[in-house]
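Q: dropping a prediction and its sequence here:
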Amino acid sequence: MTAELQKRQSLLGVPKHDLIQDVPTRWNSSHSMIERLCEQRRVLNDIMLDEKITKKDHASLLLKDHEWDLLDQLSVFFKDFSEVTTFMSTESHVSLSHIYPIVCGLIRKNSIVNSDNPIIRKARESVISELQRRYSPTDEDIGKSILILASFLDPKYKALNFLSKEQKKVCMGEIESRMDDIPLRDSIPSSNDDSQPPAKRARKPSGIDYLTQFSPEKEKSTRENELENYLSDRIQPNEDPLLWWRKNEEKYPVLSKLAKKFLGVPATSVPPERFFSSAGLIITKLRNRLSSELVDKIIFLHKNKFT
């Protein structure tokens, strides 16, 4: 069958790709299977209509035109979800901050697009219903969630255009509250210089100390200015948020603390699961005497290498 498939692909000028089977444990395999079937439609029809190759008992497997049209529409429908799951499963970029922008985008797109096919229409309605049930995007209190805070701390999404005004106010209130929980002296980056300057004698109290002391009101004002400056700061839309915060850590000492706390959280369980796969590739029958400490170090170096 494989040889015949390749022969027909050459004759019909169709890409020489193998067929893909659906795997229940692989998120995108259904879309990959349907997309490949649509690509190989001419070849598959040609083979199915050839009585020398296809048995009469299998003739019923030949898809009708309306069934092929449905597969084409399903391929387009699944494409967004395939791209989203692939994007959210990578480890090379921040992922937590993308969840709500993507969820709201999927709901908006599937609400606008109309389809004459009742199956596709039902699928879109089901997707919208499930996303709303799982993420509650219209709930005012989601502004306090870690997912929304991560989106705000991602410079690309700091305007929170996917939220309502009420949700934005809740988010800003939560950000201000968390900023107040961080002592200002702890948020100032320390110098990398290990050398310690010689100790200085204690200065005698001066009559103008009351002018130079940092009051709680002044500290609060500083935090408010930091938040306002962050909101008005211009950014490059495709810039890595972690690199952006590294460059602006001294400019936004308090917010950078929050960014480090939230933006490093993975959005899915895929990265932790890959750790187990990596361990399985390292510990084999021929390498079964490695200590747990050494395995941890090898995995750490592998997962934190720069390419």
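A: Perfect, I can see it now.

Q: now that residue 8 has come up, it's in contact with residue 43, right?
A: Yes. Between residue 8 and residue 43 there is a contact under C-beta atoms under 8 Å: 4.6 Å. Where C-beta positions appear, they are placed from N, C-alpha and C, glycine not excepted.

Q: and for the two, which residues touch both?
A: Contact criterion C-beta atoms under 8 Å, 6 or more residues apart in numbering; residues shared by residue 8 and residue 43: residue 14.

Q: these two: who's more crowded?
A: residue 43 (24 against 19; other C-beta atoms under 10 Å).

Q: what residues go with each domain of this structure?
A: The chain breaks down by automatic domain parsing into domains covering 1-89, 93-188+231-267, 270-303.

Q: any idea of the mean pLDDT in the first one?
A: If I follow you right, that is domain 1-89. Model confidence over domain 1-89 averages 90 on the pLDDT scale.

Q: distance between it and the chain's centre?
A: Relative to its chain's centre, domain 1-89 lies at 29 Å (C-alpha atoms, centre = their mean, to the nearest Å).

Q: ok, the longest one next?
A: Average the C-alpha atoms of domain 93-188+231-267, do the same for its chain, and the two points are 11 Å apart (C-alpha atoms, centre = their mean).

Q: end to end, how far does it reach?
A: 11 Å (C-alpha to C-alpha, to the nearest Å).

Q: check the shortest one too.
A: Length of domain 270-303, first residue to last, C-alpha to C-alpha: 13 Å.

Q: now it: buried residues?
A: residue 299 (16 or more other C-beta atoms under 10 Å).

Q: so for it, mean pLDDT?
A: Mean predicted confidence for domain 270-303 is 85.

Q: what does the longest one give?
A: Averaged across domain 93-188+231-267, pLDDT comes to 91.

Q: how distant is whichever strand or helix holds residue 275 from the center of its chain?
A: Using DSSP states H and E, residue 275 maps to helix 270-282. Relative to the centre of its chain, helix 270-282 is centred 19 Å away, using C-alpha atoms, centre = their mean.

Q: tell me what it is packed against?
A: helix 292-303 (3 or more C-beta pairs under 8 Å, 6 or more residues apart in numbering; DSSP states H and E).

Q: would you list the domains of the chain in JSON lines and tack on distance to residue 223?
A: Shown next, in JSON lines, are the domains of the chain (distance: least, C-beta to C-beta, whole Å):
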{"stretch": "domain 1-89", "distance to residue 223": "32"}
{"stretch": "domain 93-188+231-267", "distance to residue 223": "5"}
{"stretch": "domain 270-303", "distance to residue 223": "33"}
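
Q: can you say which of the ones you listed is nearest to residue 224?
A: Closest approach to residue 224 among the domains of the chain (C-beta to C-beta): domain 93-188+231-267, 7.8 Å.

Q: now, of the domains of the chain, which is deepest in the fold?
A: Of all the domains of the chain, domain 93-188+231-267 carries the top mean neighbour count, a mean of 16, counting by mean count of other C-beta atoms under 10 Å.

Q: any idea which helix or strand comes after the helix ranked longest in the chain?
A: The longest helix of the chain (DSSP state H) is helix 65-88. Using DSSP H and E, the helix or strand that follows helix 65-88 in sequence is helix 99-112.

Q: any idea how far residue 43 is from residue 165?
A: Going from residue 165 to residue 43 by C-beta to C-beta, to the nearest Å gives 54 Å.

Q: also residue 228?
A: 61 Å.

Q: rewinding a little: run the angle between the helix holding residue 275 and helix 65-88 for me.
A: For helix 270-282 against helix 65-88, the angle by axes from the mean of the first three to the mean of the last three C-alpha atoms, to 10 degrees is 80 degrees.

Q: what does helix 270-282 rub up against?
A: 88, 89, 91, 266, 290, 295, 298, 299, 302, 303.

Q: sorry, back to before: which strands or helices does the longest helix of the chain pack on?
A: Against helix 65-88 (3+ C-beta pairs under 8 Å, 6+ apart) you get helix 29-39, helix 99-112, helix 118-135.

Q: please enumerate residues in contact with it?
A: Contacts of helix 65-88 (C-beta under 8 Å, 6+ apart): 27-28, 30-32, 34-35, 37-38, 41, 63, 95, 98-99, 102, 106, 109, 115, 117, 119-120, 123-124, 267-268, 270.

Q: quick one, what contacts the closest residue to residue 148 other than its chain neighbours?
A: Spatial nearest neighbour of residue 148, excluding adjacent residues (C-beta to C-beta, 6 or more residues apart in numbering): residue 171 at 5.3 Å. Contacts for residue 171 (C-beta under 8 Å, 6+ apart) come out as 143, 144, 148, 149, 152, 160, 163.

Q: which one of these is nearest to residue 236?
A: residue 152 (17.8 Å).

Q: that closest one reaches residue 161, doesn't it?
A: No. Applying C-beta under 8 Å as the test, residue 152 and residue 161 come out as separate, 11.5 Å apart.
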